[in-house]
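Asker: let's see this in three dimensions:
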Amino acid sequence: MVPMLRRLLGEDIEFGVTFDKSLGAVEADPSQLDQLVMNLVVNGRDAMPGGGSLTLMTCVLESGVVRRDGDREWARMEIADTGFGMPPEVLEHIFEPFFTTKGQGKGTGLGLATVYGIVQQMGGHIRVESAIGEGSTFIVELPLCQARTPGPTAGELDVGSSARASESILLVEDEPTVRDFCKRALEAEGYRVSAVGPREALDMSAQLGNDLDLLVTDVVMPDFDGPTIAAALTSSRRALSVLFMSGYPRDRGEELTGAMAEGAVLAKPFTPRELCDAVRRALDRPPRVKGSVPGRIKKGSQEPSK
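Answerer: Residues are numbered from 1 along each chain as shown. From the prediction side, this is the model:
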């Protein structure tokens, strides 16, 4: 990931890496590890709008502080920035969904919550050390595998899905980081993915023609929202399946369900596996009743966070 991360950080941020090549392996979904690292790097970048330095380091925990789960030792990854830093009252909420210190339209409040969920799923720990004016260091600890063993193949994980994951998907998402993450996860499953922002959605659908099996779209976006795009595409493709991605809180589920009509809804944040499972279910659903298309969100409704 290092070359991609260097481009992501830009020229104003010095990027240093130190890897312990004798570290061994952790048991994890590679796409989830990618997302974990990318989200933490993006968080560090956003804390340094005027430039700075970011370092990524991996190592085995020192013998005096080794965490153990049975007989397993633990690996440590640190991502440190020289940005603004955070006061204690912010650190208390940093991993909560929808919590963000960024301005309107500049943050979803889901990046660090997603990271926390991934680490928990791997049986690991995450914490942050930070102070105003001194930057922040995110520390991730994951259990090491006892031995290096080849991971299961896609067929062993799910014999049915690997043979079928070849459909064409149009992915519409206005946030580049989320769009890239979803595209990588779906392509790793075997799908053919065309990923665009809302402005390019109709043009891309025209280019794809009949070679389009599923529309995966965020709900609230600038210029064109997801239901509007879905209505336009399904008007000429009655058999097209639709999967909406949304950060609506649960207490607005009834409103969302009504607005989305028959389109399936995947709540944010989600893991790569949850995204791929939702896509598979959407593709396997029976075709909609003729004349039924996903509806449009009523004018004036707002999504509090994505």
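
Asker: residue 181 versus the residue nearest to residue 174 when sequence neighbours are not counted, what's the distance?
Answerer: Nearest residue to residue 174, sequence neighbours excluded (Cβ to Cβ, 6 or more residues apart in numbering): residue 221, at 4.3 Å. Every residue, glycine included, has its C-beta placed from N, CA and C. From residue 221 across to residue 181, the span is 16 Å (Cβ to Cβ, to the nearest Å).

Asker: surely residue 225 touches residue 219?
Answerer: Yes. Between residue 225 and residue 219 there is a contact under Cβ atoms under 8 Å: 6.4 Å.

Asker: phi and psi next, for the residue nearest to residue 174.
Answerer: With angles defined as degrees, to the nearest 10, residue 221 sits at phi -140, psi 160.

Asker: ok, it - contacts?
Answerer: Residue 221 makes contact with 172, 173, 174, 197, 198 under the criterion Cβ atoms under 8 Å, 6 or more residues apart in numbering.

Asker: tally of neighbours for the closest residue to residue 87 other than its chain neighbours?
Answerer: Leaving aside its sequence neighbours, residue 87 sits nearest to residue 132 (Cβ to Cβ, 6+ apart; 5.7 Å). Residues near residue 132, counting by other Cβ atoms under 10 Å, number 11.

Asker: ok, now how distant is residue 132 from residue 95?
Answerer: The gap separating residue 132 from residue 95 is 19 Å, by Cβ to Cβ.

Asker: cool, residue 75 as well?
Answerer: Distance, residue 75 to residue 95, by Cβ to Cβ: 20 Å.

Asker: between the two, which one's more packed in?
Answerer: Set residue 75 next to residue 95 and count neighbours by other Cβ under 10 Å: residue 75 wins out with 22 against 18.

Asker: tell me if the more buried one really is in a strand.
Answerer: Yes. With DSSP: H, G, I helix; E, B strand; the rest coil as the criterion, residue 75 is part of a strand.

Asker: list the buried ones in the helix or strand hosting residue 119?
Answerer: Following DSSP states H and E, one finds residue 119 within helix 111-121. For helix 111-121, a neighbour-count test (16 or more other Cβ atoms under 10 Å) marks 111, 112, 113, 114, 115, 116, 117, 118, 119 as buried.

Asker: on that earlier part again, could the contacts of residue 221 be laid out in JSON lines, adding neighbour count, secondary structure and pLDDT?
Answerer: Output for the contacts of residue 221, formatted as JSON lines (neighbours: other Cβ atoms under 10 Å; DSSP: H, G, I helix; E, B strand; the rest coil; pLDDT from 0 to 100):
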{"residue": "172", "neighbour count": "28", "secondary structure": "strand", "pLDDT": "96"}
{"residue": "173", "neighbour count": "24", "secondary structure": "coil", "pLDDT": "93"}
{"residue": "174", "neighbour count": "20", "secondary structure": "coil", "pLDDT": "91"}
{"residue": "197", "neighbour count": "18", "secondary structure": "coil", "pLDDT": "94"}
{"residue": "198", "neighbour count": "19", "secondary structure": "helix", "pLDDT": "93"}
